[in-house]
Every structure is written in structure tokens, then in C-alpha cells.
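Engineer: could you work out the structure for the sequence below:
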Amino acid sequence: MDKRTTLALLLMAALLMIYPAIFMRHEPEQQKAPQKTEAPAVPTKAPETPSLAGAAAAVPVPPKDVVPVPDRIAEIESPLYHAEINSVGGQLRAWELRYRGEKPFVVAGGLMSRGLAVVRPGQPPRPIGFRLSTDKLVLGPSTPSGEIVLTGEDGFGLRVTETLRFLADSYVIEHRLKVENRQAVPQSAELQLAWIAPAEPSKDAPEKFQGQHPIRVVRLADGSVHREVLAKSVDFSGPGQWIGLESEWYLTALIPKSAGMLLSEAKLSEPKADAAKPVDLSQVAVRIPLSDLKPGQIWEGEIQSYLGPKEHDRLKAVGSGLEKSIYFGGFPVPQAYGGLPMEWLAVPILWVMHRFYEFTHNYGVAIILLTVITKVLFFPLTIKSMTSMKAMQSLQPQINALRSKYKSDPQRLQRETMELYRAHKVNPLGGCLPMVVQIPIFYALYVALSVSVEIQNAPFICFGRLFGTDLWICDLAAHDPTYVLPILMGISMFIQQKMTPVMGDPRQAKMMLFMPVVFTFMFLNLPAGLVLYWTLSNVLQIAQQKYLERFGKKPEKAPARAAKKA
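Structural biologist: Model (predicted):
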């Protein structure tokens, strides 16, 4: 019995001594065993949860500490812009356009870049800390392009490389992306390149140039352009050609160039330290789902950014239908025939105006030449219209007599009036139809000048500045500060109305004389380029009417001869 007790004590002592060396050493292997048995089950779960969240949850990847990257700024100098790139997410911290003057396009509290971020389920977007390959790029004729390479990790084993390529003669930035999974297990995540703008610009930050603040979200998807005001933007995610934030004259657009990328539009609300309530933001982004990226696997893709003026030729050169961001509107026609796209007429007009500018180097002179040519082209129709109106004016006493005679019999009045027109060979619509043909052309010219960013800061007749006021027209995109041009427009319109043959009720003709006063007040704050076009059009119309007065007797004799035959 004592031997058994002694043997048991010896065995227990040996067990206490041997246990830590054997069992504690193999404990990590016992913890890894469940992962090895569960790993084959991941592919079977993926089809059940095809979403990004499900894929990421299937293969959890523990985060690891990332070596902190110093906050650095890289500057880019170009003839078209000055830019600053931040190492945090590769955010575009500053973008100052050199277009018709210095224009701060990307500013704090306005249009801002969020750079490149990694999005995982249940977590906010996590900007990547990048190392920059250089601190400065200087582009010009001798250096037409340059690159900055950004390299960083997200802390989950994804190594991201973004190569930014800048061009000296373009407002396009090319983003070449490369993602490598450096973990020992598959990963799923999402990259996001985003821009934001406040839904309502702060009153404390007025526009430093016209069109600085974005007012709409615009995207090209399913072959059509969709626009939403920032305050009424919607949540959207899906395929498309491009998405951006726009004002009337400037555009910030993201253009996916690789398959599998998605456009995204979202409404955000973020707290602000100096504001009582959160600030409402509109965000546009390109999302890149990376599902089941295997160990050592590399994904590559490309995105383009455009940050600049909405010049039709520049936008069309970028491709992807970016020129559709210019909204020309449509001319109203009967519902059965749809609408007449002004783009069909406005784009050729813009092309002609740009060719005139290449020879004259003055957009004011180009607008004058364009107006003169359109008036000359439609002069034959104007002759027909004025001749018909003169003939109608000569018949006005007889028409008034018929109205007095048959005022109680409208049907008889209509028959007798038509007989009078037929006897004198006068078409009652002859004065209107030629004008109806011209209206879409003149409206397209008006629209083309309205959307033309080229006339911004473009002078016409500028004598300099006096007491902070331009003398005279130093910016065709701004209103005339002296109000001389709108007043001249009103005077020319009044003279034109007085010279126009009176048809119909004389009281209506007197009411029409009040229209120049209304138009003068309407044109006081319109761009000087539009007022210049309208004023010159009135002056040319007056000259044409003066010219036609020499032939005023001919349409009066023709009805007299027809009356004798009748």
C-alpha cells in the first residue's frame, strides 16, 4: 500500500514537471487547428452572400499596426493649374485654375476631395496613408506630363499603389491603381475615390468667381444624363460612364476606365465644430469592389478625373460623353413630336464663334460677326415676312370695315375676310412663318452664349478700371457695370417696334411699345455678351427695315391691281 502511494506521488510530480513542456508548447497548434478545418468552408459560404459585407465576414482578417506615414504635400505647377496632393488618401488639397484669371476651384468648406479610401463592412471609409515619390512637379512645354507615385497599406494587409499622372495641356488627372493582398488568407474590400460639396454653400464663403460652387450632381448612365440639385440629391449606386459635381460653367467629374467599377451618389450629414447643426453634404464617388482577393493576388485598374471649365471641345476630347455635361436645353415643340435638342444647333454655333475668335482674338468681335452672319443668312426670309406684313397693313382698313359690318355674324366675317385675302393674294401667315423658322436659330445662339464659359473674363471694349469699376465691358460674362449696353438695347428695341408694321388691334400695338421697357430691366444684370448680341440683332433689324422701306410701295400696288380684277 505504501509503495502504491509513493508511486502515485512520483507520477503526479513527474506529470506536473512534464505538462508545461509538452502541452503548453502545442497549445498554439491546437488554436490553429479550427481555422484549418473552417477554411474550406469559406467558398461554400461565398455564393450564399455575394455582397461585399458577406464576403468580408467570411474571411476575417485581423488588423495590424501600420507604420505611421508623415503628412506630406506634393505641389504640381502647370500652365493650366496649381495643385497640391496630400499624403493622406492622396487628397487633392488645392486646385487653382489658371483660366481667365486665378480661380481657387478646390477650397475648404466648398468643393473638397476625399481621396482614396478602403471601405470594409461596419466601418467608415479609411483613407490610406501614402508615401509620395516626389514633392514637386513642374510641367510645361519641355515637360508635357509627370507622375507622382503614392504607396501605402490599409492595416489589413492590402498594399495600395496609386500613380497620378498630370498633363500640362489638360485638366485631366489619370489614376492608375494597383492593389496587392499581402495576407495569407483571401480578402474582400472596396476602394472608393470620392468628392464632396456642401448642399448649401455657406454664406460666410461667397463665390470668388462665377461658378465656383457646385449646384448639381450630374451623371451619365444608361445612355442619358441625370441631374439633381445638391439639396435634393438622391442615393444611387450602379454602372455608368461618369459622375460629377457641376455648376453652369465648371465640372468635377470621375470617369471609371476599368470594368467592374460603379458610380455612387450619396447624401451625408457630418458634424461641424463651429456649427450648431450638422452640415449636409453631397458625395459623388467611384466604387471598386474587390471580392475574394487571394493571397499574393494583384488587381489593377484606372480612373480619370476632370476638374476644369465646361468647354465643349475639351470635354469631347476627354471622351466617355463628358461633353453631355453642358446643358443646352431643348426648344419646346408640340408634345407629339417630342423636343428639339438645342445641342444640334448650339454646338455648330459655338464652333463658328470659336473659329472667329481664332482670327479676331476678341470674343466680343466674334459675337458681332456671328450675329451679322445669321442676319444675312435669314435676310431673304425677313424680306418675305416684312412684305407680307406691309400687305396686311394695307388691308387693315377693309378688315376693320368687315368687322363692323359682320360683328354679329362671326362665321360670315371669317368667310369675307378670307375672300379679301384671296382677292388680294395675301397670306395672313406670311409674316409669321419666316419668323417661326428663325426663332430656333436665334434661341440656339442665345443658349450657346449662355453656356459658353469661354467668354468669362473676356474683354470687349475695356478702358481699364476707375474707382473699382470696369470701363466699359471688361468681362463679357458679367453684366455691364455702367448699364450703357442694356439702355442701348432698350432704345434699339423701341425704335424697332415703332418701325414694325401694325397688324390687328391698334391697342395691342401700343401695348407692345411697353415691351422695350420691360426687356431693359430684364437685361440689366444679364451677361454683357448676351446683351451685345441682342442689341446688335435689333440694330441690324432696324437697318433691314430701313432698306425694305424703299420697296414699301410695291406691296401696296399689288393689292390695288388685284382689287380692280376682283
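Engineer: from here on, just use CA atoms for contacts and neighbour counts.
Structural biologist: Will do.
Engineer: ranges for the helices of the stretch 351-500 of the chain?
Structural biologist: Counting by DSSP state H, counting those that start in this stretch, residue ranges of the helices within the stretch 351-500 of the chain are 363-377, 379-394, 396-405, 410-423, 433-451, 484-499.
Engineer: show me which positions of the second one end up buried.
Structural biologist: Of all the residues in helix 379-394, those buried under the rule 16 or more other CA atoms under 10 Å are 381-394.
Engineer: same question for the third one.
Structural biologist: Judged by neighbour count (16+ other CA under 10 Å), helix 396-405 contains these buried residues: 396, 399, 402-403.
Engineer: wait, Arg287 sits on Leu191?
Structural biologist: Yes. Taking CA atoms under 8 Å as the definition, Arg287 is a contact partner of Leu191 at 5.9 Å.
Engineer: can you give me phi and psi for Thr151?
Structural biologist: Dihedral angles phi and psi of Thr151 (degrees, to the nearest 10) take the values phi -130, psi 130.
Engineer: for it, report the pLDDT, please.
Structural biologist: For Thr151, the pLDDT comes out at 95.
Engineer: do Ile455 as well
Structural biologist: If you check Ile455, the pLDDT there is 87.
Engineer: equivalent analysis for Leu254, please.
Structural biologist: Leu254 carries a pLDDT value of 97.
Engineer: ok so it is a helix residue?
Structural biologist: No. Secondary structure of Leu254 (DSSP: H, G, I helix; E, B strand; the rest coil): strand, not part of a helix.
Engineer: shaky segments in this protein?
Structural biologist: When residues are selected by pLDDT under 70, those of the chain lie in 1-70, 273-276, 331-340, 429-435, 467-468, 501-510, 551-566.
Engineer: quick check: closest non-adjacent residue to the residue nearest to the spatial centre of it.
Structural biologist: The centroid of the chain falls nearest to Glu246 when counting by CA atoms, centre = their mean (3.7 Å). Using CA to CA, 6 or more residues apart in numbering and skipping residues adjacent in sequence, the residue nearest Glu246 is Pro214, 4.9 Å away.
Engineer: please report the distance of the closest residue to Glu416 other than its chain neighbours from Tyr421.
Structural biologist: Once its chain neighbours are removed from consideration, Glu416 has its nearest residue in Leu402; the separation is 7.4 Å (CA to CA, 6+ apart). According to CA to CA, to the nearest Å, Leu402 and Tyr421 sit 12 Å apart.
Engineer: likewise for Tyr483?
Structural biologist: Separation of Tyr483 from Tyr421 (CA to CA) stands at 46 Å.
Engineer: with His82 instead?
Structural biologist: From His82 to Tyr421 the distance is 69 Å (CA to CA).
Engineer: and the longest strand for the chain?
Structural biologist: Longest strand in the chain, counting residues (DSSP state E): strand 279-293.
Engineer: check which helices and strands that one sits against.
Structural biologist: For strand 279-293, the elements it packs on are helix 52-58, strand 187-198, strand 242-246, strand 250-256, strand 262-270, judged by 3 or more CA pairs under 8 Å, 6 or more residues apart in numbering; DSSP states H and E.
Engineer: thought Phe328 was touching Leu345?
Structural biologist: No. The pair formed by Phe328 and Leu345 falls short of the contact definition of CA under 8 Å, at 9.5 Å.
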